[in-house]
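S.K.: would you be able to build a 3D model of this:
(chains A, B, C and D)
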Protein chains: 2
Amino acid sequence: MTKIKESSTYNANREIVLQECPVTYVMQKIGGHWKPIILYHLLSGEKRYSEIKKAMPHISEKMLIQHLKQLEADNLLIRNAKPVVPPYVTYTLTEAGKELETVISAMAAWAFKDMKRGIVEAVLEG
Amino acid sequence: MTKIKESSTYNANREIVLQECPVTYVMQKIGGHWKPIILYHLLSGEKRYSEIKKAMPHISEKMLIQHLKQLEADNLLIRNAKPVVPPYVTYTLTEAGKELETVISAMAAWAFKDMKRGIVEAVLEG
DNA sequence: ACAAGTACTTACCCCAAAGTATGTATCATG
DNA sequence: CATGATACATACTTTGGGGTAAGTACTTGT
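M.R.: I've put the predicted structure just below:
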C-alpha cells in the first residue's frame, strides 16, 4: 500500500511531525500567542471566566473562549459551570496542565537569561 | 465602513505581551512548526545545510532557509560558509541555542508523559 | 421599563505564515 | 557542452489564525 499523499505536504507534515517530534506535540497544545498566558494565569489556582478576562485585557473574548475550549479539549484544564443565574464558570488546571509548570518555568528561565544576554551585547556594542 | 484602527490591538498586543510574558518571548524565537525541529537536529552538533535538509524531508527549502536565517538573526545559531566551489555551509548552535536544550527536554518529557496519559485513557474508555 | 453584568456565540474580514514553483551562480565531471 | 550538485532567492497563491463587531439568554438593580 502506498502511503496516502492526502492533499499535499502540509497535512502530511502535520501528522508526521506530530508523531516524530515531541516538541511539536507540545507546541500544538500550548503554542500561539494566548495559550501559555492563559495557563500561566491558571497556575496560581482556579479562576472564573471574568477574572481571566480581566487579567488579560488585550485578548478578545472570541480568542479567550476559543482557547479555553481548546485547552479543555486537550485535557489541560477543566471547565466548571454552576447552574446559577448570573452564570458562574470557573476554570482549573488538570494534572497535565499543572505539570506544564516545569516547561513554562524552563522557558521563563531561558527567556530571562536570553534577555539579559541581549542587553549585555547591546551595551558592549554601544 | 469598518476601518481597523491603525494602532489597534494586535500590534499593541504583540509588544505588550512580549514585554510581559517570557513564555511568549520564547515562542517568538522557537515557536512554529519548524524551528524547534531544526534546533533539535542541531543539538547533536554542527551540521551542513544539506544534512539538515535530508534530516527534515517534509520541509520546503524556502521554509528551511527562512527559519535558519531567523534563528541566526535571533542569535540561536551561527552560519559558517566556506568559500569553496560546491558551497559548503554549516550551522552550529550558539551558547543561547545550546541552552535551549533544557527547555526542549522539559517539553519532550512532558510530551511523552502526556502521550502515555492519552493512551491510558483511551484504553480505560475501551 | 430598562440598563448592566455574565458567559458565551456568530458572522465577516484581513494579514502573515506556509506552500508551490522556478530561477541563480559556480565549478566538476562525463 | 550539458548536466548535476550545492545553497540559496524570489514570485505567486493559499490557508488559517486572529481581529472587530454585534447578538443571545437570563436575571438583578434602579
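S.K.: in the longest helix along chain A, which residues are buried?
M.R.: When chain A is parsed with DSSP state H, its longest helix is helix A:95-125. Across helix A:95-125, burial judged by 16 or more other Cβ atoms under 10 Å in any protein chain shown covers A:96-97, A:99-100, A:103-111, A:114. C-betas here are computed from N, CA, C, even on glycine.
S.K.: next one: stretch A:41-61
M.R.: Result for stretch A:41-61 [16+ other Cβ under 10 Å]: buried residues A:42, A:47, A:49, A:52, A:56, A:58-59.
S.K.: for chain B, tell me which of those residues show up nearby.
M.R.: Among the buried residues of stretch A:41-61, the residues that sit close to chain B (Cβ under 8 Å from any Cβ of the partner chain) are A:58-59.
S.K.: wait, which of the buried residues of stretch A:41-61 is closest to chain B?
M.R.: A:His58 (4.7 Å; Cβ to the nearest Cβ).
S.K.: surely that closest one is within a helix?
M.R.: No - using DSSP: H, G, I helix; E, B strand; the rest coil, the assignment for A:His58 is coil, not a helix.
S.K.: the buried residues of helix A:95-125 also near chain B: which ones?
M.R.: A:96, A:99-100, A:103-111, A:114.
S.K.: could those go into TSV alongside pLDDT and distance to B:Lys35?
M.R.: Below are these laid out as TSV (pLDDT from 0 to 100; distance: Cβ to Cβ, whole Å):
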residue	pLDDT	distance to B:Lys35
A:Ala96	96	24
A:Glu99	96	24
A:Leu100	94	20
A:Val103	92	16
A:Ile104	89	18
A:Ser105	91	21
A:Ala106	92	16
A:Met107	90	14
A:Ala108	89	18
A:Ala109	93	19
A:Trp110	94	14
A:Ala111	92	15
A:Asp114	93	14
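S.K.: so how far is the helix or strand containing A:Thr24 off the chain centroid?
M.R.: Using DSSP states H and E, A:Thr24 sits within helix A:22-30. How far helix A:22-30 lies from its chain's middle: 9 Å, per Cα atoms, centre = their mean, to the nearest Å.
S.K.: that helix: what's the following helix or strand?
M.R.: helix A:35-43.
S.K.: that following helix - contacts with which helices or strands?
M.R.: helix A:22-30, helix A:49-55, helix A:61-73, strand A:88-93, helix A:95-125, helix B:22-30 (3 or more Cβ pairs under 8 Å, 6 or more residues apart in numbering or on different chains; DSSP states H and E).
S.K.: is DNA strand D within reach of the shortest one?
M.R.: Pointing back at strand A:88-93 there. No - using Cβ under 7 Å from any atom of the strand, strand A:88-93 stays clear of DNA strand D, coming no nearer than 11.8 Å.
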